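Q: A structural model of the following input is requested.
(chains A and B)
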There are 2 protein chains.
Amino acid sequence: MSDEGRGPASGTDETLAADYAPLAAELAARDAVGFVAVGDRFDDDLRWLTRFSGPDRDYAFVATPASHSDAGGDRSGDGDDPDNADADATGVHTALCAPALFDEQARREFPGDAVRVDDQGDPAGVRAAAALADRDAESGTVLVPRGIPHDAVVYLERAGYDVASTDAVERARETKTDAEIDRLRRVQRAAIRGIARAEAVLAEATVDPGADDGAGAVRWNGGVLSTERLRRQVNEVLAAHGVRDAGNTVIGAGATAADLHYTGTDVIRPGETVLLDVSPRGPDGYYGDVTRTFAVDPDGGWERRAYLAVEAAREAALEAVAAGVPASTVHEEAAAELAAHGFRVDSSEVGFTHSTGHGVGVSLHEGPSLGDDDKLESGNVVTIEPGVYDPEEGGVRLEDLIVVSDDGFEFLGEYPFSLAPRVREESG
Amino acid sequence: MSDEGRGPASGTDETLAADYAPLAAELAARDAVGFVAVGDRFDDDLRWLTRFSGPDRDYAFVATPASHSDAGGDRSGDGDDPDNADADATGVHTALCAPALFDEQARREFPGDAVRVDDQGDPAGVRAAAALADRDAESGTVLVPRGIPHDAVVYLERAGYDVASTDAVERARETKTDAEIDRLRRVQRAAIRGIARAEAVLAEATVDPGADDGAGAVRWNGGVLSTERLRRQVNEVLAAHGVRDAGNTVIGAGATAADLHYTGTDVIRPGETVLLDVSPRGPDGYYGDVTRTFAVDPDGGWERRAYLAVEAAREAALEAVAAGVPASTVHEEAAAELAAHGFRVDSSEVGFTHSTGHGVGVSLHEGPSLGDDDKLESGNVVTIEPGVYDPEEGGVRLEDLIVVSDDGFEFLGEYPFSLAPRVREESG
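A: Okay, here's the model as predicted:
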């Protein structure tokens, strides 16, 4: 497979910074001397705060209220990056306590004020306390995310701080900047190419009624087609486009299509629903998320009825989306449509078993949830993904990623859908 | 690219259980009423303890000392999997508090005693406390991993438990079972196929001295070859073999080869070292880890000298490996060889800037570290990866994955090496 002519999944159109203003406001509102986040490369709050793709061991981010000296750049002793003093612009001074062997990368990636490389052998919580002390925050309340590693809290408390939790970062992440939307759009485009590959494979596939001792199977490229073979086809395309599948390529067929997170191996049989949920992660940490459902040689039974219902629910949900609308309204519109089509919406096993959507960013699942009553805001990026399932029949889901705007929404990537897979001009 | 004839990266040769005996011993030694781990799919202790590949939100694992009733299967009220009562065999009773929408998958994957689905809307720490209480552990000491989310500790303390940390799980993970070694070998084999693809691309590549305004560049398949183009080639092969690149495909060229974690885009120039470190993750959560270094049209300068030194250090390190040998001895042997070849071993910028290796399992980096004085044990799986770097010249590293045995070691996958890339019979 050639990689010529493919755009990068990471771009330089917009600088990817972090907006520290909500943190500054939270520090002021709660009269706190600082905010500390500790974690490793798998901590999404830290990824958003630092833009640093660090190692699989703990490091720390520390924010403190801006002081007069920050504006002048006279910040001796609190870092090694004195030319990057823009703390006054956001009302907060930010430091990354970089892990050993990652100094260079931290300086390249961190958009904040200071990269600290002192005492890299100490636990991240100890280093965070030292960073606070260097900012003249000797005692007082330090805000932390709810799930901060417990040992970091122990170190902060030993150093004399009171620790209290905040969800300010989680909340700030829910509204995306143009640069973030740009990244999400790129990853979603790659995810769609993965779906296009799967649809092309299914469109080429043939039915072998006698295969597998008469149970029947779908064949492709000389062999029986399984969910695992199809998954590898999708994941190869994701890799070719510079994004990683992140273990998230869920493909089920028939009964396993009713399993919301199926990543195993199942033979694909004629007529049964093949559900593909592709959620890769791009090089900047942002996810895509798209689902399509197909059937090879469908017979017009449950799956056709389910498909029509889901299509109608998708339309109803999308029509309800706009800034100012309670998120739960979108879910209720989808649920009402599915109920009107005769599907259950009150069970965790059969029918519409999940919420209509969730936020997507540096986490695959983040706020806002379309099950909550909070109002949608312009800049929220959410999935719209109604679906119905029946362990006896299969599962049908259609999922797209949208950004909420004042008068509605915009798709982050579009791809057509139909129950029968088609060879499409644009695929490949 | 076809997927025919490729073995699965996940296998069924050996059942992948978790060995809970060390946990039972730790509970007894510390007179604790239970052990609790809380985290999401990115928590590797939890992955090892539960074999459950859960969602990106918190769930809990709870171990309690086995009681007489466990052996008889009379465990009403503490789970929904009464047929799986083997607690007596390990001296410990284990439960997974499964997150909502994941009941089915938890039952399929968890090898322990009980899958709990009660109160799935509650925080994982609250559910863990309820699971402890159901096991008649109403108060006393509960052991937790050092990095457990702080809110889980708060909930356990509110429920009346004293919380103390343990590294028992971390330590238990260092010695691999045959089933784990089987998984590691499969992933390493896929990683090696990725390296083979990169070597084939580099062997096909041509030198264009006039490219890039006279700076010179390596060309392949009609365009200038960059680290990103090469990375996509590698990652496509990983995907085709059913493993994911996990964002770990580090490829640097020249100066960026001296950056230990370079995942950016850099033009590959004639003669400079191209360092490829490939560490994919398999479907069961185990990692591979292999590094090779090549140069297209090398001129016999620094890179040739570095290559010979690293080759000799690799030999020296491997010769030192055996159960009972202090891990640091392996590092010292490699360092002595590099020093004898005239490379610095005391700097974090130039020469041999890191340790000779680390353990690999469900974490890419785990114990034992070859920098520590602990003795190697049979069943440790570690990398052997000497390397030398010079930001002015480039970087050379050779890395293999081995399992330690009583009389030496065994490679988990083998692949030849040479500075000049070759077309090899076995590649592809």
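Q: can you tell me which residue is nearest the centre of chain A?
A: Centroid check for chain A by C-alpha atoms, centre = their mean gives A:L364 as the closest residue, at 2.3 Å.
Q: Contact partners for it?
A: A:A246, A:N248, A:S279, A:R281, A:Y287, A:D289, B:D56 (C-beta atoms under 8 Å, 6 or more residues apart in numbering or on different chains). All C-beta spots, glycine's among them, are computed from the backbone N, C-alpha and C.
Q: Can you say which of those residues are buried?
A: A:A246, A:N248, A:S279, A:R281, A:Y287, A:D289, B:D56 (16 or more other C-beta atoms under 10 Å in any protein chain shown).
Q: Which of the residues you listed sits closest to A:S355?
A: A:D289 (13.5 Å; C-beta to C-beta).
Q: Do you know the pLDDT at that closest one?
A: According to the prediction, A:D289 has pLDDT 98.
Q: And the one 4 residues further on, by the same measure?
A: Per-residue confidence at A:T293 stands at 98 (pLDDT).
Q: circling back to that earlier point, can you tell me which two in the contacts of A:L364 are farthest apart?
A: Pairwise over those, using C-beta to C-beta, the maximum falls at A:D289 and B:D56, 12.2 Å.
Q: Now A:L276: which helix or strand?
A: Per DSSP states H and E: A:L276 is located in strand A:273-278.
Q: Then A:F409?
A: With DSSP H and E as the test, A:F409 turns up in strand A:408-411.
Q: Would the helix or strand following the strand holding A:L276 count as contacting chain B?
A: Next helix or strand after strand A:273-278 toward the C-terminus (DSSP H and E): strand A:290-295. No: using C-beta under 8 Å from any C-beta of the partner chain, strand A:290-295 stays clear of chain B, with a minimum separation of 15.1 Å.
Q: which strands and helices sit next to strand A:290-295?
A: helix A:178-204, strand A:273-278, helix A:302-320, strand A:394-397 (3 or more C-beta pairs under 8 Å, 6 or more residues apart in numbering or on different chains; DSSP states H and E).
Q: Wait, A:H358 touches A:H365, no?
A: Yes: A:H358 lies in contact with A:H365 (C-beta atoms under 8 Å); the separation is 4.9 Å.
Q: Neighbour count for these two, which is higher?
A: A:H358 (22 against 19; other C-beta atoms under 10 Å in any protein chain shown).
Q: if I look at the more buried one, how far off is chain B?
A: 10 Å (C-beta to the nearest C-beta, to the nearest Å).
Q: tell me the contacts of A:G324?
A: Counted by C-beta under 8 Å, 6+ apart, A:G324 has contacts A:K375, A:L376, A:D406.
Q: and the last one, how many neighbours?
A: Neighbour count of A:D406, defined by other C-beta under 10 Å: 9.
Q: For it, give me the backbone phi and psi.
A: phi -60, psi -40 (degrees, to the nearest 10).
Q: What's the separation between it and A:A323?
A: Taking C-beta to C-beta, to the nearest Å as the measure, A:D406 and A:A323 are separated by 5 Å.
Q: Show me how the record splits chain A into domains.
A: A:18-172, A:178-411 (automatic domain parsing).
Q: Those domains: which one's closest to B:D43?
A: Of the domains of chain A, the one closest to B:D43 (C-beta to C-beta) turns out to be domain A:18-172, at 8.1 Å.
Q: Mind checking if stretch A:390-397 is in reach of chain B?
A: No: against chain B, stretch A:390-397 shows no contacts by C-beta under 8 Å from any C-beta, the least distance being 9.0 Å.
Q: quick one: the strand holding A:L276 near chain B?
A: No: judged by C-beta under 8 Å from any C-beta, strand A:273-278 and chain B are separated, with a smallest distance of 12.3 Å.
Q: helices or strands next to that strand in the packing?
A: By 3+ C-beta pairs under 8 Å, 6+ apart, strand A:273-278 packs against helix A:178-204, helix A:227-240, strand A:250-253, strand A:290-295, strand A:394-397.
Q: Starting from that strand, tell me which strands it pairs with and how they run.
A: Paired neighbours of strand A:273-278 in the sheet (DSSP bridges): strand A:250-253 (antiparallel), strand A:290-295 (antiparallel).
Q: What residues does the stretch 101-250 of chain A have near chain B?
A: Counting by C-beta under 8 Å from any C-beta, the stretch 101-250 of chain A sits next to chain B at A:101-102, A:104-105, A:144, A:146-153, A:163, A:165, A:221-223, A:228-229, A:231-233, A:235-236, A:238-242, A:244-247.
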